[in-house]
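Chemist: I need the structure of the sequence given here:
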Amino acid sequence: MRNGIRALYNDLEFEVIIHDQMKFELFTKDPSAASLGFVIDSTGHYCKNVRRDDITSIYRGRYIAIYKGLEFPIFKEENNKILLGSGTAGPNIIEKYGFIQVERFEYENWVEKNEIEKIIEIKKPMWGFSSP
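Modeler: Have a look, this model is predicted:
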């Protein structure tokens with residue numbers, strides 16, 4: 001699961017750095033991107049600079065989980081567990097479901113993946129692009 005800004009290029013999804021509204025840098029760790037003209041950099045990422053007209057869509061992607069009938073943001077997934085954030089849950093929900101305070105007003109809870117009722121990806125278009 002990847003949260004963040006992504007772009008569709010040649011019907012494939014890439015992470016993107018937006019230099020301005022017309023110039024974008026796409027990157028991935030997938031070596032097959034070399035066949036699309038991506039060049040490997042010193043960090044092991046395959047990168048390519050493209051223009052706005054080359055991209056189908058740019059959007060901010062994030063995931064939420066339905067857990068115990070409530071929605072929580074997903075921060076990461078490791079070893080068949082999901083790290084949930086408290087989102088807008090109130091103190092009773094945070095305490096009831098065992099969330100631990102990690103920063104002021106921020107709470108997290110690792111749960112088994114099989115306890116999650118549903119995972120939903122939300123894609124919000126950016127920069128005047130339409131939905132992917």
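Chemist: now do the same contact list for the closest residue to Gly85 other than its chain neighbours.
Modeler: Of all residues not flanking Gly85 in the chain, Pro73 sits nearest, at 4.3 Å (C-beta to C-beta, 6 or more residues apart in numbering). Just so you know, the C-beta spots here come from the backbone N, C-alpha and C atoms, and that holds for glycine as well. Shown in contact with Pro73 (C-beta atoms under 8 Å, 6 or more residues apart in numbering): Arg62, Tyr63, Ile64, Ala65, Leu84, Gly85, Gly87.
Chemist: narrow these to those that are buried.
Modeler: Buried by 16 or more other C-beta atoms under 10 Å: Arg62, Tyr63, Ile64, Ala65, Leu84, Gly85, out of the contacts of Pro73.
Chemist: what helix or strand is the residue nearest to Gly85 on?
Modeler: Element membership for Pro73 (DSSP states H and E) is strand 70-78.
Chemist: show me what whichever helix or strand comes after that strand is packed up against.
Modeler: Downstream of strand 70-78, the first helix or strand assigned by DSSP H and E is strand 81-85. Counting contacts by 3 or more C-beta pairs under 8 Å, 6 or more residues apart in numbering; DSSP states H and E, strand 81-85 is packed against strand 57-67, strand 70-78, strand 106-112.
Chemist: got CSV for these, with distance to Lys96 and mean pLDDT too?
Modeler: Output for the helices and strands packed on strand 81-85, formatted as CSV (distance: least, C-beta to C-beta, whole Å; pLDDT from 0 to 100):
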stretch, distance to Lys96, mean pLDDT
strand 57-67, 12, 90
strand 70-78, 10, 90
strand 106-112, 11, 90
